[in-house]
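S.K.: sequence and predicted model, in that order:
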Amino acid sequence: MGHHHGHHHHDHTHGANKKTLTIAFFIIAAYMVVELIGGLLTNSLALLSDAGHMLSDAISLGVAVLAFQLGERAANYEKTFGYKRFEILAAAFNGITLLIIAIFIIIEAVKRFAAPPEIATTGMLTISTIGLLVNILVAWIMFRGGDTEENLNMRGAFLHVIGDMLGSVGAIIAALLIMFFGWSWADPVASIIVALIIMRSGFYVTKDSIQVLMEGTPKNIKVEDIIKTIENVPGIKSIHDLHVWSITSGHNALSCHAVVDTHITIEEGQRILDEVEHQLIHKGINHITIQMESENHDHHGSVLCNHQGLSKKS
């Protein structure tokens, strides 16, 4: 049996993500209160929807920080991989809340088309402009300080903030159109446009989270390439029972059975394992478990013993 763990880069990124999210949480939470009061005073749906989105931001950022905090807990006999998967649960939570918020904004906007209220445009413009600056600052902090590309938990929280930024832009445009042209419908239209953008982000974060929770193959891993890489290592005749999945973002795992010569020595077996691990680490897999066996090994009719079928499905 062979195994390899690659934690150093993951742990460093983990710490940077947690610090970045904590800073972003306090900034967003503070301005969310300002925007909520402003939305109520000016009677602007665009501002209120943006404030509602900021509230979800604060909650999602808080959950994301908690997820990173729990992810630091050591593995134990009850949870042998530790609590790292909680980050994916937080990402799924963020994705679903994005979808719910988008639907709520669209429903409210439709109601306002029928009975557009009076809007205090100067206050709306002022608050939404400050909101835009706050969101740009938070987005910049998160982009520079965290892994918003590969880490699903971080990406879910980052997309909340980007959606907020777009909400502020929409509110600014709506305020200007109402001020200069008297187009009261601009407020709900801006809200619907932003809601659709938020909905798209929520869908993809939720979809990617479910892929991880369902033990799906990571999107940056090509199973056919992995099979070829392993079988090209001298000493390995074939592989079967191959599984590739993500424990959490940026922490991919692989297990398989490798068929080798019956008379292989311990030293030769270790050389083969070292070579496979070396190859796979460079392909983004950092937790590797390989069981060596001879051609005489009984597979008990396992449906996964034919990796050709598996590679076609992938």
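M.R.: Looks like it arrived, so ask away. Predicted, not measured: the structure shown is a model, and the values here were computed from it.
S.K.: and Cys256, that one's in a helix?
M.R.: No: according to DSSP: H, G, I helix; E, B strand; the rest coil, Cys256 belongs to no helix; its state is strand.
S.K.: run a quick neighbour tally on it.
M.R.: Other residues near Cys256 come to 20 when the count uses other C-beta atoms under 10 Å. Where you see a C-beta, it was placed from the backbone N, CA and C, and this is true even at glycine.
S.K.: which stretches of the stretch 1-150 of the chain form helices?
M.R.: 8-42, 45-71, 86-114, 121-145 (DSSP state H, counting those that start in this stretch).
S.K.: JSON lines for those, including mean pLDDT and distance to Thr262?
M.R.: What follows is the helices of the stretch 1-150 of the chain, written out as JSON lines (pLDDT from 0 to 100; distance: least, C-beta to C-beta, whole Å):
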{"stretch": "helix 8-42", "mean pLDDT": "73", "distance to Thr262": "38"}
{"stretch": "helix 45-71", "mean pLDDT": "72", "distance to Thr262": "43"}
{"stretch": "helix 86-114", "mean pLDDT": "84", "distance to Thr262": "42"}
{"stretch": "helix 121-145", "mean pLDDT": "82", "distance to Thr262": "54"}
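S.K.: just say which of those helices is most tucked in.
M.R.: Most buried of these, by mean neighbour count (mean count of other C-beta atoms under 10 Å): helix 45-71, with a mean of 24.
S.K.: ok, the closest residue to Val65 other than its chain neighbours - contacts?
M.R.: The shortest distance from Val65 to any non-neighbouring residue, by C-beta to C-beta, 6 or more residues apart in numbering, is to Leu21 (4.9 Å). Applying C-beta atoms under 8 Å, 6 or more residues apart in numbering to Leu21 gives the contacts Leu61, Ala64, Val65, Phe68, Met142, Gly146, Met154, Ala157.
S.K.: quick one: stretch 213-225 to chain centroid distance?
M.R.: 15 Å (C-alpha atoms, centre = their mean, to the nearest Å).
S.K.: buried residues in it?
M.R.: Neighbour-count burial for stretch 213-225, counted by 16 or more other C-beta atoms under 10 Å, picks out Thr217, Pro218, Ile221, Lys222, Val223.
S.K.: circling back to that earlier point, Ser168 is nearest to which of the helices of the stretch 1-150 of the chain?
M.R.: helix 121-145 (3.7 Å; C-beta to C-beta).
S.K.: helices and strands around the closest one, which ones?
M.R.: The contact analysis (3 or more C-beta pairs under 8 Å, 6 or more residues apart in numbering; DSSP states H and E) places helix 121-145 against helix 8-42, helix 45-71, helix 152-181.
S.K.: dump the helices of the stretch 1-150 of the chain into a markdown table; add distance to His263 as well.
M.R.: Shown next, in a markdown table, are these (distance: least, C-beta to C-beta, whole Å):
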| stretch | distance to His263 |
| --- | --- |
| helix 8-42 | 38 |
| helix 45-71 | 45 |
| helix 86-114 | 44 |
| helix 121-145 | 54 |
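S.K.: out of those, flag the one nearest Tyr204.
M.R.: helix 86-114 (7.7 Å).
S.K.: that closest one versus helix 152-181: what angle between them?
M.R.: Here the directions of helix 86-114 and helix 152-181 differ by 20 degrees (axes from the mean of the first three to the mean of the last three C-alpha atoms, to 10 degrees).
S.K.: with only the CA atoms kept, save stretch 247-260 in PDB.
M.R.: The C-alpha coordinates for stretch 247-260 follow below in PDB (Å, rounded to 0.1, in the frame of the first residue of the first chain):
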ATOM      1  CA  ILE A 247     -11.800  16.000   0.000                       C
ATOM      2  CA  THR A 248     -12.100  19.800  -0.200                       C
ATOM      3  CA  SER A 249     -11.100  22.600  -2.600                       C
ATOM      4  CA  GLY A 250      -7.500  22.100  -3.700                       C
ATOM      5  CA  HIS A 251      -7.100  18.800  -1.900                       C
ATOM      6  CA  ASN A 252      -7.700  16.000  -4.500                       C
ATOM      7  CA  ALA A 253      -7.400  12.300  -3.700                       C
ATOM      8  CA  LEU A 254      -6.900   9.100  -5.600                       C
ATOM      9  CA  SER A 255      -7.100   5.400  -4.800                       C
ATOM     10  CA  CYS A 256      -6.600   2.400  -7.100                       C
ATOM     11  CA  HIS A 257      -5.400  -1.200  -7.500                       C
ATOM     12  CA  ALA A 258      -2.200  -1.600  -9.500                       C
ATOM     13  CA  VAL A 259      -1.400  -5.000 -11.100                       C
ATOM     14  CA  VAL A 260       2.300  -5.800 -11.000                       C
END
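S.K.: next secondary structure after the helix or strand hosting Glu267?
M.R.: In the assignment (DSSP states H and E), Glu267 maps to helix 266-281. Where DSSP H and E defines the elements, the next helix or strand beyond helix 266-281 is strand 287-293.
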